[in-house]
Structure formats: C-alpha cells, structure tokens
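Trainee: the following block contains a protein sequence and its predicted model.
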Amino acid sequence: MRRFLEQAGLPLLRCLDPERAHGLALKALRAGLAPQSGPITSSRLAVQFAGLDLPNPLGLAAGFDKNAEAVAPLLQAGFGFIEVGAATPRPQPGNPRPRLFRLGEDRAAINRFGFNNEGMDRIAGRLAARSDSGIVGLNLGANKDSDDRAGDFAKVLKTTAPHIDFATVNVSSPNTEKLRDLQGKAALSALLEGVNAANVTGVPIFLKIAPDLSETDLDDIAEVAVEQRISAIITTNTTLSRTGLESHHAGEAGGLSGQPLFDLSTRVLARLYLRLEGRIPLIGVGGIASAEQAMAKIRAGASALQLYTALVYEGLSLVPRILGEMDNQLARDDVTSISELVGSDAPVWAEADG
C-alpha cells in the first residue's frame, strides 16, 4: 500500500514548488505513509566503517532531513545509516526563496538553501528523544553571520555529540559565502584541530569536501585529514559546474546535484582514494541512482555511499531496489563481502577525462 501511495504521490509532488513538495514528503514520512522495508542487510552487504557497524553501505545524505524530524521512518526505509542537518549554533532562515530547482531533463537539482535550519538546540533535543536504533550522524554547519565560523563547528559538536554516531564537518557547501575557503590547508587544519579538541565524547569525525578541487587541493586535504586523524571523508558535495545541462534552470545559482555530478564526483573519489592508500575510508556520494552506479562508486574507492537527489525522481523505494540488486550481483559474482571490491577500479577512474 505504501509503495502504491508513493508511486501515486510522486507525480503530484513534482507539480508543486520543490521546497513545498519536500516539506510534504517529510510530513508523509512522519505520518507513516512512505515505504518502510526495515533495515536491509546480508553478510555480503554489511560493512565496518570508521568504527561503525553498518548493516549495508548505502546512507542518506545530509539535507534531506535538516532538522531531524523524520529520523525513525528514514531508518526504516532500508538505509544503512542516515545523516541529518546541517545544524548551526543559532537558527537561521537561509537564503531567500525560491532556492531549490528541479532539473528534470538532467535528473538533477540545484539548491542554494544556505544552511536553513532550526538551530543546534532543537535538533539536539529531537536526537536525544529518539528511541529507535540505527546509525545517525549530524552535518555540522556555521552561521552565515558568525564572527568565528571555525568555532561554530566545535560549538555544534559539543551540544549534539552525546546523541549522534558521527559528525560531519561541512566546509564544502557553495551556498554560504566564503565557507569553501575553509578547505584551504592552513584554515582546514586549524578548523579540524578545534573540532577534535571539542570532541570529548570521541564520536567519529567525517569531512565533506567539494568536487571542484585542484590536484593540489586534494593533496592538501589528504595530508591534513591524516594529520588530524579524521575518521572518514565524504566525497563529494554539490558542484558549481554546469557542463552539459539541458534544463532551463541550468543558470540558477547554487550547488548542482544528481546525475550530472556522477562522473566528476567519482573521479575525485578515485583520486583521493589513491592518495590516501587506505589510511582513511571514503563515502562516495554524487549522482547515485542505480545499483550499477553504486557499485561503480565502491570500485572507485568508496567503502560506503550516500544518495539524496535520486529520491526526488524515484522515491524511497529506490533504496531497497538498489540494495537488492547490489546483493544479487555480489552473490552472482561469488563475492563474500562488498568490501573486497573497494578501489578495484580506482586507477581507471582517476585517469578518466573530465
């Protein structure tokens, strides 16, 4: 029945303003109207990642549930883990609307939200009150008007750490002015040092990077991440590139996600994987909409995965479909654990044009 409601509802939601449609989707989740397959796992799909035991490697990227309003139903959608947020110390409205655009011809989206959220205290309260099991992380952000953006990340971590399984330092959103400047070597090192100092509970710290990076940038990020003992790197956030788009929304400002990001993000993933030589595991995100693409990310160097934009077009039933096809493929190929495939095609992807 829930599957039927999803298939009937998706076309209707796509007739609405994208941000309003997303709000209605969250309400449907909270009302129990979305597909709930429960945790999906097998001996082939289960992975140990950054000290976490994941039932499967497919997670939900940050931004879908910014304020941790639908954690329980999302954990029942089949994901191996979910990430909520981004959370900032103080509530902020984000950028003016409209700020979310569907690019249907490109199976993509552009957003310029600007870290709109209800603030760390309300988000921490919801996370503290949850009774469900499952791996839940929080994306850490900084207030747009902050005098100490690096300090904001540490502040959010201190407040929320007792209620989460991992925290992601997000310095790669293109929608907060000068935020990406924190990816520079000296600034990033100082930021992560401050976050580590604030991490009194010892939760795994992840770093989320942009796809629009030079080879020197990747060298610096790899060096700093190792020095600061980062537990994982999420590769990648949205892109500023607009290459090859067909939609009339292509000229909108903001970060591009979805299918056009797949090749770019996968190349960056592979190049970072080869630099790190197994010292830090990677989460591959960007353009995943099928089991084939999920497996490509694994072979390019990802030990775990995240998706988001594909759900706009396919709905939450995409999650068990991808995982089921992945598990079947592993069985057919006589692979006992998906971890065996990590990085097997990294050299190919790293040398790909683009």
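Mentor: Happy to help now that I have it. Numbering: from 1, shown residues only.

Trainee: show the model's pLDDT score for the most centrally placed residue in the chain.
Mentor: When C-alpha atoms, centre = their mean is applied to the chain, the residue found nearest the centroid is residue 61 (2.8 Å). Turning to residue 61, the model gives it a pLDDT of 98.

Trainee: phi and psi next, for it.
Mentor: The phi and psi torsions at residue 61 (degrees, to the nearest 10) take the values phi -70, psi 160.

Trainee: wait, what's in contact with it?
Mentor: For residue 61, the contact set (C-beta atoms under 8 Å, 6 or more residues apart in numbering) comprises 83, 285, 306-308. For every residue, glycine as well, the C-beta is placed using N, CA and C.

Trainee: same check on residue 136?
Mentor: 68, 71, 75, 81-84, 127, 130, 164-165.

Trainee: now do the phi/psi pair for it.
Mentor: Main-chain torsions, residue 136, degrees, to the nearest 10: phi -130, psi 130.

Trainee: repeat for residue 204
Mentor: Here is the backbone geometry of residue 204 (degrees, to the nearest 10): phi -60, psi 130.

Trainee: what about the spatially closest residue to it that is not a sequence neighbour, how many neighbours?
Mentor: Of all residues not flanking residue 204 in the chain, residue 231 sits nearest, at 3.6 Å (C-beta to C-beta, 6 or more residues apart in numbering). Around residue 231 there are 18 other residues, counting by other C-beta atoms under 10 Å.

Trainee: you'd agree residue 231 is up against residue 199?
Mentor: No. The pair residue 231 / residue 199 is not scored as a contact, 10.2 Å apart, by C-beta atoms under 8 Å.

Trainee: what average pLDDT does stretch 343-351 get?
Mentor: 97.

Trainee: direction included, what does the longest strand seen in the chain pair against?
Mentor: Looking across the chain with DSSP state E, the single longest strand is strand 81-87. Here strand 81-87 is paired, per DSSP bridges, with strand 58-60 (parallel), strand 136-140 (parallel).

Trainee: C-alpha coordinates for the last one, PDB please?
Mentor: When you say that, I think you mean strand 136-140. What follows is strand 136-140, C-alpha atoms only, in PDB (Å, rounded to 0.1, in the frame of the first residue of the first chain):
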ATOM      1  CA  VAL A 136      22.600   8.600  12.700                       C
ATOM      2  CA  GLY A 137      25.100  11.300  12.000                       C
ATOM      3  CA  LEU A 138      24.900  15.100  12.000                       C
ATOM      4  CA  ASN A 139      26.200  17.500   9.500                       C
ATOM      5  CA  LEU A 140      27.800  20.400  11.300                       C
END
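
Trainee: what helices or strands is the helix or strand just after that strand leaning on?
Mentor: Heading C-terminal from strand 136-140, the first helix or strand you meet, by DSSP states H and E, is helix 149-160. If you count contacts as 3 or more C-beta pairs under 8 Å, 6 or more residues apart in numbering; DSSP states H and E, helix 149-160 packs onto helix 120-129, strand 136-140, strand 166-170, helix 185-198.

Trainee: turn these into JSON lines, columns for mean pLDDT and distance to residue 235.
Mentor: Below are these laid out as JSON lines (pLDDT from 0 to 100; distance: least, C-beta to C-beta, whole Å):
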{"stretch": "helix 120-129", "mean pLDDT": "97", "distance to residue 235": "25"}
{"stretch": "strand 136-140", "mean pLDDT": "98", "distance to residue 235": "15"}
{"stretch": "strand 166-170", "mean pLDDT": "95", "distance to residue 235": "12"}
{"stretch": "helix 185-198", "mean pLDDT": "92", "distance to residue 235": "15"}
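
Trainee: tell me which of those lies nearest to residue 291.
Mentor: When the helices and strands packed on helix 149-160 are compared by C-beta to C-beta, strand 136-140 sits nearest residue 291, at 23.5 Å.

Trainee: and that closest one with helix 120-129, angle?
Mentor: Counting by axes from the mean of the first three to the mean of the last three C-alpha atoms, to 10 degrees, strand 136-140 points 170 degrees away from the direction of helix 120-129.

Trainee: can you give me the helices for the stretch 251-354 of the chain?
Mentor: 262-276, 291-300, 309-314, 318-332, 346-350 (DSSP state H, counting those that start in this stretch).

Trainee: just those helices: most buried one?
Mentor: Most buried of those, by mean neighbour count (mean count of other C-beta atoms under 10 Å): helix 262-276, with a mean of 24.

Trainee: so how far is that helix from its chain's centroid?
Mentor: When C-alpha coordinates are averaged (C-alpha atoms, centre = their mean, to the nearest Å), helix 262-276 and its chain have centres 15 Å apart.

Trainee: what about residue 133, how many residues nearby?
Mentor: Residue 133: 9 surrounding residues under other C-beta under 10 Å.

Trainee: same deal with residue 353?
Mentor: Around residue 353 there are 5 other residues, counting by other C-beta under 10 Å.

Trainee: repeat for residue 41
Mentor: Applying other C-beta under 10 Å, I find that residue 41 has 16 neighbouring residues.

Trainee: contacting residues around it?
Mentor: Counting by C-beta under 8 Å, 6+ apart, residue 41 touches 55-56, 80.

Trainee: and residue 35, what's its pLDDT?
Mentor: Here, the pLDDT recorded for residue 35 equals 74.

Trainee: that one contacts residue 79, doesn't it?
Mentor: No. With contact defined as C-beta under 8 Å, residue 35 does not reach residue 79; the gap is 11.9 Å.
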